[in-house]
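Colleague: coords below, sequence missing:
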């Protein structure tokens, strides 16, 4: 067989992979958005059946032969095909460690557990969800054992699936930096005399107008509605159905204008990444984000660094006043900007301010680490959750609905994902710093045409898809090794201005940390 | 292997069939409703790939063995399993006649041709669609040849796929009865002095209110929104995703209140049938309508026999006045009823009045018959279409948008379906006649609770799913052989009253035809 034939055979196999992915994603999206509630068992059965087919397809003898054949010619492959073969081999050897029946059962379980979680959350009753989450954790522990320990921890093998190379050792260090710099900053802010007016954010804004605002913001940032769509769900998310079909969801609370607005900006960030991946890579396994944290870097970039910036608020404020003429008639642009950036420890991660957000993530990372490590059990979660909330944020959730039940992830079987949000924040700040060397970002935002920003992101991030491991890509994109201090610098600079903190003191603090 | 094991193996195979059907239906539904326009090529590729998998699954050696094994034990199977085995064998031997590659190519083609048809229809330009339709017809001619002639005609093998036992001989005779009785009735109506006021039907009614009316009517008839959903498309249709998920679509024209109203009633009829099939049959190939004409009998029953009846108009008229307070303030219930039943030859089949409707169907049946028979070609269609419109209905479409391009069917690869609408009408009238022996239908409608009607339909139709061939089911449901004269009688009785035709004369006309 010639090399070209080997590659063609791989591409043919991948076309079927893509078809299964398309079907599974669409069934999930439909179920999560508008699919009839009473059909959830039908859906679970179909997801189980098709997931098993997908599993068989991606672990078949035939597929293994395709990869073997390509590996024989490894040296003759170009960089792209070499990376594909490497990732395929990795995924294949991981997948082959899971018995097919367990894979199918797990798929059926997560479809049901997601359904049950919705009900439990609605009722604020963890006990409804508990037996399902126990099973999910049991499966993930078992799977992690099948995958095998990395550096002595099975949790590492789960982390690695979302972020190639992520380990407890690296993440503990990463979170330690955040803790070391964010906690004192938070304390300074808490003792600041600055009072920010924000009660107006709770004024009733009708759902349809909020959805219009969300669409407006998403499109302003660069979301292409002809290559995707926006729907509503309890928990916002983005999903890639196919290369030209990247969808996201939002959730509207009529007495919280920022929730939907920044959900849309966040998910639009994911979708813009997905919609703009290099077309040369798009029909391969490389046609995706470099890692989940890289994906979060894009969502958090558009949500926070752009979306909560003063220039961006200034360009959307007239739209807000147009859609809600009475609600904000007594509010100035500057007041709206300050309110959108108020630091106020609260219960819900997705609604947290930029500063306390990472503390929410840290809590989840720590609980997962202990859960998979077997140090704690599912039944302990509500209590531990509330204890950590008190410790890190100084607030205790009044019920599990706004506590341990708030996130969709575990109900979908995702354990080992959460850290990506914090790491994504750190990536986004480092990318922003690099971008500012080339572009006058504020001026571009004020022009209302953000294409120069997206072009920069294309050249430094989107162009590479998943061609490189994330640690390498952040270096290529920014010219430097990953350094979480850039994120802390960004936060200090932004919030020092907002809360009028003494700059001199912070500046010396910077230097100390920069020299680390 | 024991008989139980054989049956279990069949059921396991069918579970996978169901999963593929689910995926394919949902992808199609999504593409037809809200799926991003620019993703249609992605969709076409995936539909092609999954259709091929489906094809392989339902034609595999393993599947053939399952059927062989059951056939060996045929005498020991119950009636239900015997029917299943018989239908499976029939489908299998038909499918095996199609080369897999051609099946895949055809799936890709129809996905594209459907997309192109939408564009062609929008522009009213048949030439855009023509090359695609040519390929569709070419494939269907080829497929029909593979299936083999029935009674000397390849078109019969296409008809039989939608209606077991349907042939040109039977349908020609059926349409001859309709023509013989409907055409003179239409002439009488045309010379009637009765003037029906209907201009108010074109008064602007906002889309959102019309959608609300559609939902109201569908649910009043019995559509269960927790087991389905309603969306909008250019051409309304119903699709079964799974046993608890039957969806339909409608189309709103703001200056035509009846279009959406009766689309909803029609599609709700299909959906109610699907939602209420006997639960004992639902997880098998028998968990569907008995035939496409039986499906149409249910849609046309709810649309026309119920939906356009005076009692039904009377129960929805207050809702109509509530939703459109100014539009119909000068219209009486009786006037609305008459307007909903006005006989007026027009261009669009789906909007045709009850009387001329079958003439639209006859035209399509005749063109298809000649097209598959090779007597005419695709390029001739626009001209022939318009000629027949003039001949049967006395009107000539001003453009192809309201002429040959109006229907979705051919673009989706369906040739041999259209007659089902006319046959369904005839079934529905015969079913109605039988129902009236047991129930005071008008009184039930006036009670606003139609469950007794649905229960009757369950006992006489829904309960049997596809357990019997349609010719047998109509006899079981009504106690008599199929007789199209019941439909003509129904039309004569209804329209004689509306147009004040001389009843005596018609009565003797009845007798003549009854004695046939």
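Modeller: Ah, there it is. None of the values given here were measured: they were computed from a predicted structure.

Colleague: Residue A:231 belongs to a strand?
Modeller: Yes - counting by DSSP: H, G, I helix; E, B strand; the rest coil, residue A:231 falls inside a strand.

Colleague: ok, now which ones touch it?
Modeller: A:29, A:33, A:34, A:247, A:248, A:249, A:250 (C-beta atoms under 8 Å, 6 or more residues apart in numbering or on different chains). Where you see a C-beta, it was placed from the backbone N, CA and C, and this is true even at glycine.

Colleague: Most neighbours of all those, which one?
Modeller: Using other C-beta atoms under 10 Å in any protein chain shown as the neighbour test, these are led by residue A:248, with 28 neighbours.

Colleague: Look up how far residue A:185 lies from it.
Modeller: To residue A:185, residue A:248 is 31 Å away according to C-beta to C-beta, to the nearest Å.

Colleague: looking at chain A, which helix or strand is least sure?
Modeller: The weakest-scoring helix or strand in chain A, judged by mean pLDDT, DSSP states H and E, is helix A:503-514 (a mean of 42).

Colleague: In the stretch 351-500 of chain A, what residue lies closest to chain B?
Modeller: Distance from chain B to each residue of the stretch 351-500 of chain A (C-beta to the nearest C-beta) is smallest for residue A:465, at 17.0 Å.

Colleague: Surely that residue touches residue A:291?
Modeller: No - in this structure, residue A:465 is not within contact of residue A:291 by C-beta atoms under 8 Å, at 11.2 Å.

Colleague: higher neighbour count, those two?
Modeller: Using other C-beta under 10 Å, the more surrounded residue of residue A:465 and residue A:291 is residue A:291, with 27 against 24.

Colleague: From the contacts of residue A:231, which land in helices?
Modeller: If you go by DSSP state H, those have A:29, A:33 in helices.

Colleague: got the phi/psi numbers for the residue of the stretch 351-500 of chain A closest to chain B?
Modeller: Residue A:465 adopts backbone torsions of phi 40, psi -130, taken as degrees, to the nearest 10.

Colleague: same thing with residue A:345?
Modeller: Torsion angles, degrees, to the nearest 10, at residue A:345: phi -50, psi 130.

Colleague: Name the nearest residue to the residue nearest in space to the middle of chain A, ignoring sequence neighbours.
Modeller: A centroid search over chain A (C-alpha atoms, centre = their mean) returns residue A:296, at 4.0 Å, as the residue closest to the centre. Distance criterion C-beta to C-beta, 6 or more residues apart in numbering or on different chains; nearest residue to residue A:296, sequence neighbours excluded, is residue A:424 at 2.5 Å.

Colleague: wait, that neighbour sits on residue A:290?
Modeller: No - using C-beta under 8 Å as the test, residue A:424 is too far from residue A:290 to be in contact (11.0 Å).

Colleague: More neighbours: the two, which one.
Modeller: residue A:290 (29 against 25).

Colleague: measure that one to residue A:423 for me?
Modeller: 12 Å.

Colleague: need the contact list for residue A:419.
Modeller: Residue A:419 makes contact with A:159, A:163, A:166, A:171, A:174, A:175, A:293, A:361, A:365, according to C-beta under 8 Å, 6+ apart.

Colleague: and those residues as a markdown table, adding secondary structure, neighbour count and distance to residue B:416?
Modeller: Formatted as a markdown table, the contacts of residue A:419 follow (DSSP: H, G, I helix; E, B strand; the rest coil; neighbours: other C-beta atoms under 10 Å in any protein chain shown; distance: C-beta to C-beta, whole Å):
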| residue | secondary structure | neighbour count | distance to residue B:416 |
| --- | --- | --- | --- |
| A:159 | helix | 28 | 57 |
| A:163 | coil | 25 | 55 |
| A:166 | coil | 25 | 58 |
| A:171 | helix | 21 | 62 |
| A:174 | helix | 21 | 65 |
| A:175 | helix | 21 | 66 |
| A:293 | helix | 26 | 55 |
| A:361 | helix | 22 | 59 |
| A:365 | helix | 26 | 60 |
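
Colleague: ok, and of those, which contact chain B?
Modeller: Checked against chain B using C-beta under 8 Å from any C-beta of the partner chain, these yield no neighbours at all.

Colleague: which SSE is residue A:161 in?
Modeller: Residue A:161 is part of helix A:155-162, with elements assigned from DSSP states H and E.

Colleague: what's the answer for residue A:52, then?
Modeller: Take DSSP H and E as the rule and residue A:52 turns out to sit in helix A:40-59.

Colleague: Now do the buried residues in the helix or strand following that helix.
Modeller: Downstream of helix A:40-59, the next assigned helix or strand under DSSP H and E is helix A:61-72. Neighbour-count burial for helix A:61-72 flags A:63, A:66, A:67, A:69, A:70 (criterion: 16 or more other C-beta atoms under 10 Å in any protein chain shown).
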